[in-house]
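Trainee: how does the following fold in three dimensions:
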Amino acid sequence: MAQREWVEQDFYKELGVSSTATADEIKKAYRKLAMKHHPDRNQAPGAEARFKAVTKAYEVLSDPARRAEYDQS
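Mentor: Below you'll find the model as predicted:
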């Protein structure tokens, strides 16, 4: 994902955590939201899109290097 796309999204808000959240807090929030919005468990309209957004946020915030780059942007 390009850095310019990161500016348009608030990954912390997507996961419902603060910008000072620890790696464990981020992981816990992701797992909770992933279970709630996973397409196999939730057939509601928009659930799959929400699941993808949560997953994208977790991919960035769970990697220390990518998180630091995101925080700088």
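Trainee: find the least confident helix or strand in the chain, judged by mean pLDDT.
Mentor: Sorting the helices and strands of the chain by mean pLDDT, DSSP states H and E puts helix 3-7 at the bottom, at a mean of 61.
Trainee: going on from that helix, what's the next piece of helix or strand?
Mentor: helix 11-15 (DSSP states H and E).
Trainee: what mean pLDDT does that next one get?
Mentor: The average pLDDT within helix 11-15 is 95.
Trainee: against which helices or strands is it packed?
Mentor: helix 23-37, helix 47-61 (3 or more C-beta pairs under 8 Å, 6 or more residues apart in numbering; DSSP states H and E). For every residue, glycine as well, the C-beta is placed using N, CA and C.
Trainee: measure how far the first one is from the centre of its chain, please.
Mentor: Taking the mean C-alpha point of helix 23-37 and that of its whole chain, the gap between them comes to 8 Å (C-alpha atoms, centre = their mean, to the nearest Å).
Trainee: if you average pLDDT over that helix, what comes out?
Mentor: 96.
Trainee: quick one: that helix to helix 47-61, angle?
Mentor: 170 degrees (axes from the mean of the first three to the mean of the last three C-alpha atoms, to 10 degrees).
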